[in-house]
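Participant: Predicted structure and sequence below. I'll ask about it afterward.
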Amino acid sequence: VTHSKRLALREGMRLIRNSVRFLRNYRQLRTEWEEGYDRLTTGTYWNDALHIAPTKPSQKG
């Protein structure tokens, strides 16, 4: 196994750059996730996404 200080530095800089980008955009990412989460948890979304015909709720009681 070889070790390259140049490649390690490049990967370290990439990690720092991506971390800064994440922290800078965190609020927007969180807002988009929260808005999208409500949409993704509906049965309508999954019926449309998977092309499934909606089912009738069962009549219990």
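Facilitator: Right, received. Where do you want to start? Numbering: from 1, shown residues only.
Participant: if we look at the longest helix anywhere in the chain, which residues are touching it?
Facilitator: Under DSSP state H, the helix in the chain containing the largest number of residues is helix 5-24. Helix 5-24 has contacts (CB atoms under 8 Å, 6 or more residues apart in numbering) with L29. (Each C-beta comes from the backbone N, C-alpha and C, glycine too.)
Participant: how many other residues sit next to Y45?
Facilitator: Here the number of neighbours of Y45 (other CB atoms under 10 Å) works out to 13.
Participant: That one: what's it in contact with?
Facilitator: Y45 touches R39, counting by CB under 8 Å, 6+ apart.
Participant: Quick one: classify it as helix, strand or coil.
Facilitator: With DSSP: H, G, I helix; E, B strand; the rest coil as the basis, Y45 sits in helix.
Participant: tell me which helix or strand of this structure sits lowest on mean pLDDT?
Facilitator: Counting by mean pLDDT, DSSP states H and E, the chain has its least confident helix or strand at helix 43-49, which shows a mean of 85.
Participant: Could you report the separation of the residue nearest the centre of the chain from N25?
Facilitator: Note on the chain: the residue nearest the mean C-alpha position is W33, at 7.0 Å, using CA atoms, centre = their mean. Taking CB to CB, to the nearest Å as the measure, W33 falls 12 Å from N25.
Participant: And for W46?
Facilitator: From W46 to N25 the distance is 28 Å (CB to CB).
Participant: Over to E34?
Facilitator: For E34, the distance to N25 - CB to CB - is 14 Å.
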